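>>> coordinates only, no sequence provided:
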Ligand SMILES: Cc1ncc(COP(=O)(O)O)c(C=O)c1O
């Protein structure tokens, strides 16, 4: 830990929040160098939906490593890439009747968001983007301009132009769809017609704000009528997190561009892709590129990940666990204080303590950490406790974590 404190940049974050040195991790448990065990309700910010060291995925990655197969290959044709594209198409796209071209981006979510914004601008010849208050889309300048929270935006130190933020569904006192319609149709709204609307169907960092199916449908219709591209950022809430592989399936809509990263590599290796309707797939060769858009271990893990997802009926499993979580929140956590509210879907839930005290969520995280549990806060003033365990968490560990959380909220409310 000393070397981290002395040598690593001041920008470090999680290692301050959880000041132990982690050594091992298995499914929803992490172990530090002293042998202490921690329950993981963070899943590396949603990049480990299938758990740490998932045995099925690890077997494929290890088998690949045993041979002298290539590891990084730019975007050359390789067996690993071919097999990933085949599996993803057969197991995920085709059963959902989705016809997308798959674009391999640099390995981070933010790089894929940059690609999506560039592609929307290239297709429409327009510059502007509409994003939502509460949205998080990454930290590079284009994506940061779409990200709404001040803390992140302040790090940019230059203007973050070409993006207009509008209220998300549920913003108090505002009919967000009516507002958007006014903005796009009133020739005195002061806002140019944008290239794209970018959104998370469930705002994760924004405090677990779940858009309704009706709202998503209305948004899709506006995009179609106004000839604006709909970009769904499924980086955190895709890959099964919401109970279906894509978060937008519940609304029965088809976005023009879908952005996937985090758990798409199955094993936690870096990877990001765009799914693009064929008519919008117009980048010239290498017009968006990146050295690490061909990480072969990510393709291997990604193939095994979608196989694991289908073979283990993760949708059923997530629905079952979602019920366990929601029932626990209703029965055990809401009675602690009438001001507590909650939101969520699938395996992403938020317990909003902001009405009691905006600082309470951080206190709860500290108390949970003292009981060897890792989780994160989100939302306005970080006042929402965010539950994001691996989808594969065993029932008994899920229950153990929920009890630790309940006790922590109880203790924080009484203090
Ligand atoms: C919804 C969403 N979009 C984009 C990003 C940025 O991804 P990355 O950190 O890999 O750049 C994140 C990261 O948390 C995210 O949750």
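Cool, got the structure. These numbers were taken from a predicted model, which means no experiment stands behind them. Residues are numbered from 1 along each chain as shown.
>>> what about the helices in this structure?
2-7, 14-17, 43-46, 55-66, 79-87, 109-124, 141-146, 150-154, 176-185, 213-226, 296-311, 314-328, 360-370, 395-414 (DSSP state H).
>>> of those helices, which is nearest the ligand?
Distance to the ligand, taken as Cβ to the nearest ligand atom, is lowest for helix 109-124 among those, at 2.3 Å. Any C-beta I mention is one placed from the backbone N, CA and C, and that applies to glycine too.
>>> who in this structure is up against the ligand?
Within reach of the ligand by Cβ under 6 Å from any ligand atom, the chain has these residues: 45, 108-110, 113, 136-138, 200, 204-205, 233, 235-236, 261.
>>> how far away is the closest residue to residue 334 other than its chain neighbours from residue 398?
In this structure, residue 334 finds its nearest non-sequential neighbour in residue 340, 5.6 Å apart by Cβ to Cβ, 6 or more residues apart in numbering. Distance, residue 340 to residue 398, by Cβ to Cβ, to the nearest Å: 20 Å.
>>> likewise residue 121?
As for residue 121, its distance to residue 398 is 43 Å (criterion: Cβ to Cβ).
>>> contacting residues for the residue nearest the centre of the chain?
Centroid-nearest residue in the chain: residue 236, 0.9 Å away (criterion: Cα atoms, centre = their mean). By Cβ atoms under 8 Å, 6 or more residues apart in numbering, residue 236 lies in contact with 45-46, 109, 200, 204-205, 262, 348.
>>> and it, what pLDDT?
On the pLDDT scale, residue 236 is placed at 98.
>>> kindly report the same for the one 3 residues further on.
The predicted local confidence for residue 239 comes out at a pLDDT of 98.
>>> just residue 16 next, same as before
Reading off the confidence values, residue 16 has pLDDT 96.
>>> check contacts around it.
With Cβ under 8 Å, 6+ apart, residue 16 has no contacts at all.
>>> gap between it and residue 383?
Taking Cβ to Cβ, one finds residue 16 at 20 Å from residue 383.
>>> need the pLDDT of residue 414.
Per-residue pLDDT puts residue 414 at 87.
>>> quick check, residue 216 in contact with residue 201.
Yes. Look at residue 216 against residue 201 with Cβ atoms under 8 Å: they come within range, at 6.0 Å.
>>> relative to residue 259, how far out is whichever residue of the stretch 201-350 of the chain sits closest to the ligand?
For the stretch 201-350 of the chain and the ligand, the shortest gap (Cβ to the nearest ligand atom) falls at residue 236, measuring 3.4 Å. Residue 236 is 10 Å from residue 259, where distance means Cβ to Cβ.
>>> list residues touching both of the two?
Residues within reach of residue 236 and of residue 259 at once, by Cβ under 8 Å, 6+ apart, are residue 109.
>>> what's around residue 369, how many residues?
A total of 18 residues lie near residue 369 under the criterion other Cβ atoms under 10 Å.
>>> tell me who's in contact with the residue lying closest to it once chain neighbours are set aside.
The shortest distance from residue 369 to any non-neighbouring residue, by Cβ to Cβ, 6+ apart, is to residue 18 (6.0 Å). Contact analysis of residue 18 by Cβ under 8 Å, 6+ apart lists 38, 369, 374.
>>> same thing with residue 341?
Counting by Cβ under 8 Å, 6+ apart, residue 341 has contacts 351-352, 355.
>>> any chance of those residues in a markdown table, plus neighbour count?
Putting those into a markdown table (neighbours: other Cβ atoms under 10 Å) gives the following:
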| residue | neighbour count |
| --- | --- |
| 351 | 26 |
| 352 | 21 |
| 355 | 13 |
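>>> tabulate the residues you listed (a markdown table), appending pLDDT and distance to residue 301.
Formatted as a markdown table, the entries for these read as follows, by pLDDT from 0 to 100; distance: Cβ to Cβ, whole Å:
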| residue | pLDDT | distance to residue 301 |
| --- | --- | --- |
| 351 | 98 | 32 |
| 352 | 98 | 34 |
| 355 | 97 | 41 |
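>>> now, among the residues you listed, which is nearest to residue 318?
Of all those, residue 351 has the smallest distance to residue 318: 18.9 Å, by Cβ to Cβ.
>>> would you check how far apart that closest one and residue 85 are?
Relative to residue 85, residue 351 is positioned 39 Å away (criterion: Cβ to Cβ).
>>> wait, which of the helices of the chain is closest to residue 273?
Residue 273 lies closest to helix 109-124 among these, at 6.6 Å (Cβ to Cβ).
>>> buried stuff in that closest one?
Applying a neighbour-count criterion of 16 or more other Cβ atoms under 10 Å, one finds 109-117, 119-124 buried in helix 109-124.
>>> quick check, the residue in the stretch 301-415 of the chain closest to the ligand?
Nearest to the ligand, among the residues of the stretch 301-415 of the chain, is residue 378, at 9.9 Å (Cβ to the nearest ligand atom).
>>> list the buried residues in stretch 280-294.
Neighbour-count burial for stretch 280-294 flags 280-281, 283, 288, 290, 292-294 (criterion: 16+ other Cβ under 10 Å).
>>> same check, this time on stretch 303-323
By 16+ other Cβ under 10 Å, the buried positions in stretch 303-323 come out as 303-310, 314-315, 317-318, 321-322.
>>> any chance of these in JSON lines, plus pLDDT?
Converted to JSON lines, the buried residues of stretch 303-323 look like this (pLDDT from 0 to 100):
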{"residue": "303", "pLDDT": "98"}
{"residue": "304", "pLDDT": "98"}
{"residue": "305", "pLDDT": "98"}
{"residue": "306", "pLDDT": "98"}
{"residue": "307", "pLDDT": "98"}
{"residue": "308", "pLDDT": "98"}
{"residue": "309", "pLDDT": "98"}
{"residue": "310", "pLDDT": "98"}
{"residue": "314", "pLDDT": "98"}
{"residue": "315", "pLDDT": "98"}
{"residue": "317", "pLDDT": "97"}
{"residue": "318", "pLDDT": "98"}
{"residue": "321", "pLDDT": "98"}
{"residue": "322", "pLDDT": "98"}
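>>> between these, which is nearest residue 406?
Nearest to residue 406, judged by Cβ to Cβ, of the buried residues of stretch 303-323 is residue 321 at 16.7 Å.
>>> can you list the domain ranges for this protein.
Following automatic domain parsing, one finds the domains of the chain at 2-53+313-414, 57-311.
>>> and the pLDDT for the nearest residue to residue 84 once chain neighbours are set aside?
The spatially closest residue to residue 84, leaving aside those adjacent along the chain, is residue 299, at 3.9 Å (Cβ to Cβ, 6+ apart). pLDDT for residue 299: 98.
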